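Enquirer: This is the structure alone, sequence omitted:
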């Protein structure tokens, strides 16, 4: 197959310089002499970069999700993909419906090419930065092995909302990717840019990655695995739902001793194209939309960033009479997806309030909306799954109920319970229903004690 290096590169739009500037400023503000990085901790979404940087004023307790935590109580399609196929099979805990979705994508490898640091437009600036970080200047002899990496797409999972894929980087230097327990070179790989081309369409469209990186649990002495995902319903262009799609990724190969997060650590760029069947993410049954009326009252803990110059947090008791939630249930090969948005609210409700009532509370350990489900009237209440990012004013959860289980679930009934959590004490000091706090410019710790109130229990329709 003839290599088409210039075509591969040209399919990816240039990253705006402002993006690099913003990333570098945000990283510089939180840089420490020695940084430790845990797999699963990095989920950098360019589309959400501004609110993410704003949120850096808060030091929030975050738990990195280990690659193996993909069982049903912690299920999401991305966490499933972050677990090596061999490990899924060895443990005998594969989910047949999800495996079928992965197989249906039928990925095919394509062209690839490399651009080394001396060929970058800003090569001199980046090489000078290497020296500033105490590293030697770029030497072609030190990095010649990078050109021998052979990429090969392994698995693709598309569910209509999220695209996730694993690329195997075949190389005799795979040990260099096992940061940080190596001597000498310490390398990471991340997708800096990507674009897609629809079958039968000559146009290419940008696709923004929501996160990823080399997964140290998926590799050997002869290959490393690069995981990447993208949230499709947050893109500028609708992603195809049929036909084959050609995806081109720009993989930054980072000298992690310079910087393992930002592209300023790149020593090379690997451009790689592969294709897959977009129909693998098609819904298996028509979506069902229902309006859910709420009632009673509840205290909400609100993050109010309406005035960027004076962001606030506060508690507010509100009446739920007149609040209606729009419930959309979608049935996919990878689970049942339930999305809530505020359909209507009483006069006087502000955008921060409508966002607060739906603020995702993934483990019941923070303020916001926590959801759990059960099958059958006497079934155990179980946690729902989540993807990496949601939209403001929207809350989507994933029930690990798959097409092969629809008959049983419909016969017994599926119930979703919605519970709102709010703060009753902050850092050991009680706070009341009229509490308010200006968020300071510096970092601070927020340790809330919480109370909860159920706001709705709904029977979900099943096909």
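Expert: Nice, I can see it. Everything numeric here is computed off the predicted structure, so don't read it as measured data. Numbers count the residues shown, from 1 in each chain.
Enquirer: Using the record's assignment, carve the chain into domains.
Expert: Taking automatic domain parsing as the criterion, the chain consists of the domains 11-281, 285-460.
Enquirer: Save those as CSV, and put in mean pLDDT and mean neighbour count too.
Expert: For every residue, glycine as well, the C-beta is placed using N, CA and C. What follows is the domains of the chain, written out as CSV (pLDDT from 0 to 100; neighbours: other CB atoms under 10 Å):
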stretch, mean pLDDT, mean neighbour count
domain 11-281, 78, 18
domain 285-460, 92, 17
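Enquirer: just checking, residue 237 touches residue 203?
Expert: No - the criterion here is CB atoms under 8 Å, and residue 237 misses it with residue 203 at 9.1 Å.
Enquirer: Helix or strand: which one has residue 238?
Expert: Using DSSP states H and E, residue 238 sits within no helix or strand.
Enquirer: distance of it from residue 305?
Expert: According to CB to CB, to the nearest Å, residue 238 and residue 305 sit 29 Å apart.
Enquirer: Quick check: phi and psi at residue 198.
Expert: Main-chain dihedrals, residue 198, degrees, to the nearest 10: phi -80, psi 150.
Enquirer: Tell me what it is bridged to.
Expert: residue 245 (DSSP bridges).
Enquirer: same thing with residue 319?
Expert: Under the criterion used (DSSP bridges), residue 319 bridges to residue 297.
Enquirer: who's in contact with the nearest residue to residue 143 once chain neighbours are set aside?
Expert: The shortest distance from residue 143 to any non-neighbouring residue, by CB to CB, 6 or more residues apart in numbering, is to residue 267 (5.2 Å). Residue 267 makes contacts with 116, 117, 138, 143, 146, 253, 254, 255, as judged by CB atoms under 8 Å, 6 or more residues apart in numbering.
Enquirer: Residue 267 belongs to a helix?
Expert: No - Residue 267 sits outside any helix when classified using DSSP: H, G, I helix; E, B strand; the rest coil, being strand.
Enquirer: Show the residue spans covered by the strands in the stretch 351-463 of the chain.
Expert: Per DSSP state E, counting those that start in this stretch, the stretch 351-463 of the chain carries strands over the ranges 368-375, 382-383, 394-399, 414-426, 429-430, 436-438, 444-445, 448-460.
Enquirer: actually the stretch 1-150 of the chain, not the one I wrote
Expert: Using DSSP E, counting those that start in this stretch, the strands of the stretch 1-150 of the chain run over 58-59, 108-116, 150-158.
Enquirer: mind listing what the last one pairs with, with the direction of each?
Expert: What that stands for is strand 150-158. Paired with strand 150-158 in the same sheet, following DSSP bridges, are strand 162-170 (antiparallel).
Enquirer: what's the angle between the strand it pairs with and strand 394-399?
Expert: 70 degrees (axes from the mean of the first three to the mean of the last three CA atoms, to 10 degrees).
Enquirer: got the contact list for strand 162-170?
Expert: Residues from elsewhere that reach strand 162-170 (CB under 8 Å, 6+ apart): 77-78, 81, 107, 149-158, 177, 189, 207, 214-215, 218, 222-232, 239, 247, 249, 251, 272, 274, 276, 281, 387.
Enquirer: Tell me the one among the contacts of residue 267 nearest to residue 355.
Expert: Residue 355 lies nearest to residue 254 out of those, by CB to CB, at 35.1 Å.
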